[in-house]
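**Student:** when you get a sec, could you give me coordinates for this:
(chains A and B, ligands or ions: 1)
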Amino acid sequence: MSQKPLTLAEKVWNDHLVVKGEDGAPDLLYIDLHLVHEVTSPQAFDGLRLAGRPVRRPDLTIATEDHNTPTLDIDKPIADLTSRTQIHALRDNAKEFGVRIHSLGDIEQGIVHVVGPQLGLTMPGLTVVCGDSHTSTHGAFGALAFGIGTSEVEHVLATQTLPLKPFKTMAINVEGTLRPGVTSKDIILAIIAKIGASGGQGYVLEYRGSAIRALSMEARMTICNMSIEAGARAGMVAPDETTFAYLKGRPHAPEGENWDAAVEYWKTLQTDEGAKFDVEVFLDADHLDPFVTWGTNPGQGVSLLDSVPNPDTFDDPNERAAAQRALEYMDLTAGTPMKSIKVDTVFLGSCTNSRIEDLRAAASVLKGRKKADHIRMLVVPGSARVRIEAEAEGLDQVFKEFGAEWRFAGCSMCLGMNPDQLAPGERAASTSNRNFEGRQGKGGRTHLVSPLVAAATAIRGTLSSPADLEG
Amino acid sequence: MEKFEVYSGIAVPLRRSSVDTDQIIPAVFLKRITKTGYDDALFSAWRSDPEFVLNKLEYAQGSVLFAGPDFGTGSSREHAVWALRDYGFKAVFSSKFADIFLGNAGKQGLVTGVISDSETEAIWQLLETNPGLEAKVDLVAREVTVGDLTVKFEIDEYTRWRLLEGLDDIGLTLRDEQSITDFEARREPWRPKTLPAKGA
Ligand code: SF4
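**Tutor:** Presented below is the predicted three-dimensional model:
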């Protein structure tokens, strides 16, 4: 029997079909793993309670506290009343519905997208959902992982399925070898600048090519994490030996026969020769520079060696207007070299770049160097485990000696729901994923950067890459 | 969920593109744990500006929104839809919506109609010269009328059917409960379980 060649995304989709939709109705897809956090779940549990429905599969569900947990004094009661209410609601709901939870202070607590992979729960060929758009992170394993709204959270809790319409597919081919100082964060910022902040809308992106294959799992997660910033529902990387090696021995990874069976199946999770993507995009890794954003959406980015663009050079009237508005908000003038932009705060953290490799990369640049006097630097590990690991390696000492603040795990300044915020007018170089107006604090101005650029910027005080530190 | 067929209400021109969900409802409001009562949170940063459209008397009671392209981008927060709904909005029109926002809107009975940029511009101009005009949203005919201007809009056919019928999602899925149970029986043993908990 000759079968139509399929893309990776289509294979995972097909393997989760519970009911095939007829006459324009969506397909009903089974969900393997449901991650829960305090912000988007209370109303979903509320809905279950109202309808008298249980959680169908508590054993496929896991909760952690991250979005508004404090990163200081975590042993004290949470000062902010609403944050505390939300976190306590999650704890109560987890208890009432029998859901596993990792609370503040627990050794497995952390940002939901850091915790899943760390525990070995995220695997190739799964469907993974969470009431958070950066669920796309888990696609780095070759899982189909996407963010859902609170109604869908309730739907998955009640049924372990989701009605979904098939996505279109887009191949992102990244060929070549990254130069030193250039990272996966720069790849994804360059891709988003290329296809636009809504260029991926309706698509599942598959990142392919030699530059992607050469990346570590954590670097792949950084790329998949930001798929949503191109408007895509999900991003994926086909699993390979790097993936298997990362998973092997993790707490929830399969063992023995199950491991062998899993790997055998995972190896089939490649886009078939001759499979058709709806769209293909190409990026040259050889000549890529560190990338930074100048505007208020993640697509408004340029090479660090470039200047703030002139809005008049945009052909599209909407883009032109958006650029004008962005420059006004960011208080930037067209033609200003990116490297001359002075920054107040450096944030190293978020589910994009708060894993151990990110901390190591930044620490390697900071070690033995001095912080620019005016800079405030926050280092927020992605999980309690990452924090412990970093401390075991002495990275916390490097950060502290440099003059950075070493914090407890959580989302922190990525979205400023806890006290870690930018003041109005304050400018940040941030390793997070969103530079929207007010995202990191009302009136705050955000430049998205890699951990290496964040570190170099903290030393020089203006947007910089490690290459600027030599000599 | 209430059935939606034809609705008339005050039309509001929101002359902005890429209205992301952080603008619709800033993160600080996400701390609440209720499902209703977000009317004060809608566009809260912009509402401190007296010139903002909803602060003008003629539009304050608005319930049909006409916005620029790329409405609802960014975070998946469904609160964006609740805030629009709680303020009183029944329908939003734009030339392009973010996917997650579309899904969330359909579930709460908020109509999202796609019209072209030039149609949006024509309606904006009409509303700016005649503030306080009503828009008649006809989901059956898939058209919206403002003054003497009637335009066809696009909406996903399945979403439209559910809005017309006022159908709730979970109830619909649970009609397939047997298929779900059958699927579960076929799942491979290597697929992960969160319970019992194992630590690193
Ligand atoms: S770190 Fe930022 S992007 Fe990631 S889950 Fe937390 S708030 Fe969302």
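
**Student:** and the stretch 101-250 of chain A, which residues reach chain B?
**Tutor:** Residues of the stretch 101-250 of chain A that fall close to chain B, judged by Cβ under 8 Å from any Cβ of the partner chain: A:107-108, A:118-121, A:123, A:126, A:131-133, A:147-152, A:154-155, A:158-161, A:163, A:165, A:197-198, A:201-202, A:231, A:233, A:250. Glycine gets a C-beta too; all of them are placed from N, C-alpha and C.

**Student:** could you rerun that using 6 Å?
**Tutor:** When proximity is defined as Cβ under 6 Å from any Cβ of the partner chain, the stretch 101-250 of chain A approaches chain B at A:121, A:133, A:147, A:149, A:150, A:151, A:155, A:158, A:159, A:161, A:198, A:233.

**Student:** could you find the closest non-adjacent residue to the fifth one?
**Tutor:** The shortest distance from residue A:150 to any residue other than its chain neighbours is 4.1 Å, reached at residue B:78 (Cβ to Cβ, 6 or more residues apart in numbering or on different chains).

**Student:** quick check: which element contains residue A:153?
**Tutor:** helix A:150-159 (DSSP states H and E).

**Student:** direction included, what does the helix or strand following that helix pair against?
**Tutor:** Toward the C-terminus, helix A:150-159 is succeeded by strand A:161-164 as the next helix or strand (DSSP H and E). Paired strands of strand A:161-164, with direction, are strand A:27-30 (antiparallel) (DSSP bridges).

**Student:** contacts made by the helix holding residue A:153 with the rest, please.
**Tutor:** When contacts are taken as Cβ atoms under 6 Å, 6 or more residues apart in numbering or on different chains, the neighbours of helix A:150-159 outside the stretch itself are A:31, A:34, A:40-41, A:43-44, A:47-48, A:53, A:55-56, A:129, A:131, B:78, B:107, B:169-170, B:173.

**Student:** restricting to C-alpha, output the lowest-mean-pLDDT helix or strand in chain B in PDB.
**Tutor:** Of all the helices and strands that make up chain B, helix B:169-174 has the lowest average by mean pLDDT, DSSP states H and E, namely a mean of 87. The C-alpha coordinates for helix B:169-174 follow below in PDB (Å, rounded to 0.1, in the frame of the first residue of the first chain):
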ATOM      1  CA  ASP B 169     -18.400  22.700  23.600                       C
ATOM      2  CA  ILE B 170     -18.000  20.100  26.300                       C
ATOM      3  CA  GLY B 171     -21.500  18.800  26.000                       C
ATOM      4  CA  LEU B 172     -20.900  18.400  22.300                       C
ATOM      5  CA  THR B 173     -17.700  16.400  22.800                       C
ATOM      6  CA  LEU B 174     -19.200  14.200  25.500                       C
END
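
**Student:** packing partners for the very next helix or strand once past it?
**Tutor:** Sequence-wise, the next helix or strand downstream of helix B:169-174 (DSSP H and E) is helix B:177-186. Using 3 or more Cβ pairs under 6 Å, 6 or more residues apart in numbering or on different chains; DSSP states H and E as the contact definition, the elements that helix B:177-186 packs against are strand A:17-19.

**Student:** what is the mean pLDDT for the strand it packs on?
**Tutor:** Confidence over strand A:17-19 (mean pLDDT, whole number) is 98.

**Student:** partner strands of it and their direction?
**Tutor:** Strand A:17-19 has the following sheet partners, assigned by DSSP bridges: strand A:27-30 (antiparallel).

**Student:** buried ones in the strand it pairs with?
**Tutor:** Neighbour-count burial for strand A:27-30 flags A:27, A:28, A:29, A:30 (criterion: 16 or more other Cβ atoms under 10 Å in any protein chain shown).

**Student:** and the first one, what pLDDT?
**Tutor:** Read that as residue A:27. Note for residue A:27: predicted pLDDT of 97.

**Student:** tell me if I'm right that it and residue A:16 touch.
**Tutor:** No. No contact is recorded between residue A:27 and residue A:16 when judged using Cβ atoms under 6 Å, the distance being 8.7 Å.

**Student:** what about residue B:47, neighbour count?
**Tutor:** One way to gauge burial is a neighbour count; for residue B:47, by other Cβ atoms under 10 Å in any protein chain shown, it gives 14.

**Student:** report pLDDT for it.
**Tutor:** In this model, residue B:47 is scored at 94, pLDDT.

**Student:** for it, grab phi and psi.
**Tutor:** Note on residue B:47: backbone dihedrals following degrees, to the nearest 10 are phi -70, psi -10.

**Student:** residue A:181 and the ligand, how far apart?
**Tutor:** 24 Å (Cβ to the nearest ligand atom, to the nearest Å).

**Student:** residues contacting that residue?
**Tutor:** By Cβ under 6 Å, 6+ apart, the residues touching residue A:181 are A:452, A:465, A:466, A:467.

**Student:** sort out for me which of these are in helices.
**Tutor:** When the contacts of residue A:181 are checked against helices using DSSP state H, the ones located there are residue A:452.

**Student:** highest neighbour count among the contacts of residue A:181?
**Tutor:** If you rank the contacts of residue A:181 by neighbour count (other Cβ under 10 Å), residue A:452 sits at the top with 26 neighbours.

**Student:** that residue and residue A:466 touch, don't they?
**Tutor:** Yes. Counting by Cβ under 6 Å, residue A:452 sits close enough to residue A:466 to count as a contact (5.4 Å).

**Student:** which neighbours do those two share?
**Tutor:** Overlap of the contact sets of residue A:452 and residue A:466 (by Cβ under 6 Å, 6+ apart) consists of A:181, A:365.

**Student:** what does the closest residue to the ligand within chain B show for phi and psi?
**Tutor:** Scanning chain B for the residue nearest the ligand gives residue B:75, at 7.5 Å (criterion: Cβ to the nearest ligand atom). In this entry, residue B:75 is assigned phi and psi values of phi -60, psi 150 (degrees, to the nearest 10).

**Student:** that one against residue B:23, yeah?
**Tutor:** No. At 10.6 Å, residue B:75 does not count as touching residue B:23 under the criterion of Cβ under 6 Å.

**Student:** more neighbours: which of those two?
**Tutor:** residue B:75 (29 against 22).

**Student:** list the contacts of that one.
**Tutor:** Each residue near residue B:75 by Cβ under 6 Å, 6+ apart is listed here: A:133, B:21.

**Student:** get me the contact residues on chain B for chain A.
**Tutor:** Within reach of chain A by Cβ under 6 Å from any Cβ, chain B has these residues: B:17-18, B:20, B:22, B:27, B:30-31, B:33, B:35, B:69-70, B:75-76, B:78, B:99, B:104, B:107, B:157-158, B:169-170, B:173, B:176, B:179-180, B:183, B:189-195, B:197-200.

**Student:** I'd say residue A:295 and residue A:324 touch.
**Tutor:** No. Using Cβ under 6 Å, residue A:295 is not in contact with residue A:324, being 10.0 Å away.

**Student:** settle it for me: which of the two has more neighbours?
**Tutor:** residue A:295 (27 against 15).

**Student:** before we move on, back to that, from the contacts of helix A:150-159, which ones fall inside helices?
**Tutor:** The subset of the contacts of helix A:150-159 located in helices under the criterion DSSP H comprises A:43, A:44, A:47, A:48, B:107, B:169, B:170, B:173.

**Student:** tell me the phi and psi of the nearest residue to residue A:376 once chain neighbours are set aside?
**Tutor:** In this structure, residue A:376 finds its nearest non-sequential neighbour in residue A:345, 4.8 Å apart by Cβ to Cβ, 6+ apart. With angles defined as degrees, to the nearest 10, residue A:345 sits at phi -130, psi 140.

**Student:** share the number of residues neighbouring residue A:345, please.
**Tutor:** The number of residues near residue A:345, taken as other Cβ under 10 Å, comes to 26.

**Student:** bridging residues for it?
**Tutor:** So, taking DSSP bridges as the rule, residue A:345 has residue A:376, residue A:428 as bridge partners.

**Student:** for it, give me the pLDDT.
**Tutor:** What the model reports as pLDDT for residue A:345 is 98.
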